[in-house]
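Peer 1: sequence? don't have it. structure:
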DNA sequence: GGGGGAAGGACCA
DNA sequence: TTCCTGGTCCTTCCCCC
């Protein structure tokens, strides 16, 4: 067995190894100089013996095995290999150096202890005591008083209580945080309209253009009057009631509000001054402080924003030497995208800070995947993305729920359905569809399993997703049968599953503006993968529907290229026109006619009802009475003969099973795939999915 | 050997 | 009293053509 280096505790007894995994992560502002030993002892005592602990132990062993395997590989690396690798690395370095860009001014802004700060602002009595936001099972964030006890985000509340018995835990109130976040974003947009929000409390901005303009601004355009009413929510308590996250001993505790009301604050034209102004405005608008990092790229800006937290900012000047100086002693763990596992792997190789990454790059290139070592190389050179891409596609969306042990299959299926409904609602909000349905379950031993199913078409409605998720769950139930499936978590996820990135949303027949989905990947990874990713195979995106128009990114073919006639999804008549506007108008007319005769619902016995809702989703009749929905039965317009939505041919049968069978046959002949290649495929796709999945009950759906 | 799906896992707040 | 989240994307493995 290979003995691990001193730095790495992996070879020690299980408990030592476990501590490295479960120990306090004090890599956060306000947590410097804590008594780690004491805190870790409390965490360990609170956790030991639990199933969670056992599972962590298991995961720890797996990571240790990875480390060991890597070290064995390292032992087999010959000098000759290293020399060859170094040549390749050097070549890569000179290429990267040639493309180094220092001209952009990228800012990362991060609100200080955001959720906690909002709560303290609204409940001043919380301001001077340790508090956290979340629940007994999990905390989302904590204030700086609580951090002094080792209480931090992602820590279970019951452990936090052991660390700090006086801790006040306030439940999450997302509506409130969203409202504050939108106020902050209003300020951001004055500096960069295309800023990239990463979460409610964090964003990247490129202020290069703003600085260009700002240079010519007169002083009055850069002056802000300290306004009495925003300053003084409670008369006479100015200092106390504002900037609640400020902590006496913390750096950067100088509040902008120390100035008397009525005083005019003038900001300069430099990047530092622009960012100081931005933070000043945020504080006046929300009574909350923000920290910021200014650097030539996103990776560095993110690291910088943490440097003078809370209520501070830090800038790396746009010079190579300055960047390299900054990187020199930067611990790898501070870099976004490097977590505890990667940190441990690197530590086993004697790499703890970024400069060491550079020194051992040849070895890293032999031990890690191409994507990984390219990423490390970028970090070691202080490189990152210099262009903020806001419209990159979201790749998946999921919703999950943790609960006490659940072992009854029926209850599990009911919960699964609820999750699919929640997910469908979220998808609807963003107008997204996807092909791959994934069910994730965690059993009472904390073992996680994921099961996925990729459909030949995109889905978005609760029923469609549930049909797949339910089958996946049943498969798991069968797998453990006759034992019960003992779960503590279920998750439903929908991912793109298709190679094509589709078009701007136009849900149903009503146009909706496209809202870019939030992006949560560390930007460094995104940026590096944009240029260096060579074998990522699952980066398929969720897509939005483009039913009747298309936007610039849409690659749809022009209407005239459509190989199939347009068939009205309501009356099933083939249209003589290929003009989409006229086609839309016809459908609107049909819908009106149908709505007027709504009483005729159910005239086609045995069918479910075809609906067109404002958002364009085709849903089963059970949900049709939502406001704004218009429901139509297939029989409403009196077209008893069934028209196949795939081939467009009228079917002689009135029997739904036979009809469904025909549609399935058509689909099997890849007609759908052909339709996807056409410009307005979603008209057909929507119709098809209605018939096969939603409109007429599929026999397998009735299980 | 490459493409793509499935499963597991890393990372973040 | 309470007893370790929720969300997203990346990597790896494996199968199929």
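Peer 2: Great, that's in hand. Everything quoted here is computed from the prediction, not taken from an experiment.

Peer 1: What residues does the stretch 1-150 of chain A have near DNA strand C?
Peer 2: Residues of the stretch 1-150 of chain A found near DNA strand C (Cβ under 7 Å from any atom of the strand) are A:22, A:43, A:46, A:47, A:50, A:51, A:52, A:53, A:136, A:137, A:138. Just so you know, the C-beta spots here come from the backbone N, C-alpha and C atoms, and that holds for glycine as well.

Peer 1: And these, which of them are buried?
Peer 2: A:22, A:43, A:46, A:47, A:53, A:138 (16 or more other Cβ atoms under 10 Å).

Peer 1: Next step: these restricted to strands.
Peer 2: Members of these lying in strands (criterion: DSSP state E): none.

Peer 1: Nearest to DNA strand B, out of the residues you listed: which one, please.
Peer 2: Closest approach to DNA strand B among these (Cβ to the nearest atom of the strand): residue A:138, at 7.6 Å.

Peer 1: follow-up on the earlier one: output the residues of the stretch 1-150 of chain A next to DNA strand C as a markdown table; include the columns pLDDT.
Peer 2: As requested, these are exported to a markdown table (pLDDT from 0 to 100):
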| residue | pLDDT |
| --- | --- |
| A:22 | 69 |
| A:43 | 81 |
| A:46 | 78 |
| A:47 | 77 |
| A:50 | 79 |
| A:51 | 80 |
| A:52 | 81 |
| A:53 | 81 |
| A:136 | 85 |
| A:137 | 82 |
| A:138 | 85 |
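
Peer 1: and the residue of chain A found nearest DNA strand B, how many neighbours?
Peer 2: Per Cβ to the nearest atom of the strand, residue A:339 is where chain A lies closest to DNA strand B, at 2.2 Å. Counted by other Cβ atoms under 10 Å, the residues lying close to residue A:339 total 13.

Peer 1: Once you drop chain neighbours, what's closest to it?
Peer 2: residue A:333 (7.9 Å; Cβ to Cβ, 6 or more residues apart in numbering).

Peer 1: Repeat that for residue A:304.
Peer 2: Counting by Cβ to Cβ, 6+ apart, the residue nearest residue A:304 is residue A:293, at 2.6 Å.

Peer 1: likewise residue A:52?
Peer 2: Per Cβ to Cβ, 6+ apart, closest to residue A:52 is residue A:446, 5.6 Å.

Peer 1: same check, this time on residue A:192
Peer 2: Nearest non-adjacent residue to residue A:192 (Cβ to Cβ, 6+ apart): residue A:205, at 4.0 Å.

Peer 1: what do you get for residue A:181?
Peer 2: residue A:200 (4.1 Å).

Peer 1: so where's chain A uncertain?
Peer 2: A:1-22, A:24-32, A:227-261, A:391-392, A:497-703 (pLDDT under 70).

Peer 1: Contact residues of it facing DNA strand B?
Peer 2: A:59, A:62-63, A:66, A:114, A:140-141, A:153-154, A:199, A:201-202, A:335-343, A:436, A:448-454, A:497-499, A:522, A:537-538, A:540.

Peer 1: List only those of the residues you listed flagged as buried.
Peer 2: Looks like the residues of chain A next to DNA strand B have A:63, A:114, A:140-141, A:153, A:201-202, A:335-338, A:342-343, A:436, A:451, A:453, A:497-498, A:522, A:540 buried, using 16+ other Cβ under 10 Å.

Peer 1: Among those, which are located in helices?
Peer 2: Among these, DSSP state H puts A:63, A:114, A:342, A:343 in helices.

Peer 1: Give me the secondary structure label for residue A:405.
Peer 2: strand (DSSP: H, G, I helix; E, B strand; the rest coil).

Peer 1: Neighbours of it, how many?
Peer 2: Count around residue A:405 with other Cβ under 10 Å applied: 10.

Peer 1: Tell me who's in contact with it.
Peer 2: A:444, A:486, A:487, A:488 (Cβ atoms under 8 Å, 6 or more residues apart in numbering).

Peer 1: What count of nearby residues applies to residue A:89?
Peer 2: 21.

Peer 1: I'd say it and residue A:361 touch.
Peer 2: Yes: assessed by Cβ atoms under 8 Å, residue A:89 is found in contact with residue A:361 at 4.8 Å.

Peer 1: anything in contact with each of the two?
Peer 2: residue A:377.

Peer 1: host element of residue A:438?
Peer 2: Using DSSP states H and E, residue A:438 falls within strand A:432-443.

Peer 1: ugh, typo on my part, it should be residue A:145
Peer 2: Following DSSP H and E, the helix or strand that holds residue A:145 is helix A:144-147.

Peer 1: just checking, what packs against the helix or strand just after that helix?
Peer 2: Next helix or strand after helix A:144-147 toward the C-terminus (DSSP H and E): helix A:157-163. When contacts are defined as 3 or more Cβ pairs under 8 Å, 6 or more residues apart in numbering; DSSP states H and E, helix A:157-163 packs onto helix A:36-47, strand A:131-134, strand A:139-142, strand A:168-170.

Peer 1: Compare those and give me the one nearest residue A:79.
Peer 2: helix A:36-47 (39.5 Å; Cβ to Cβ).
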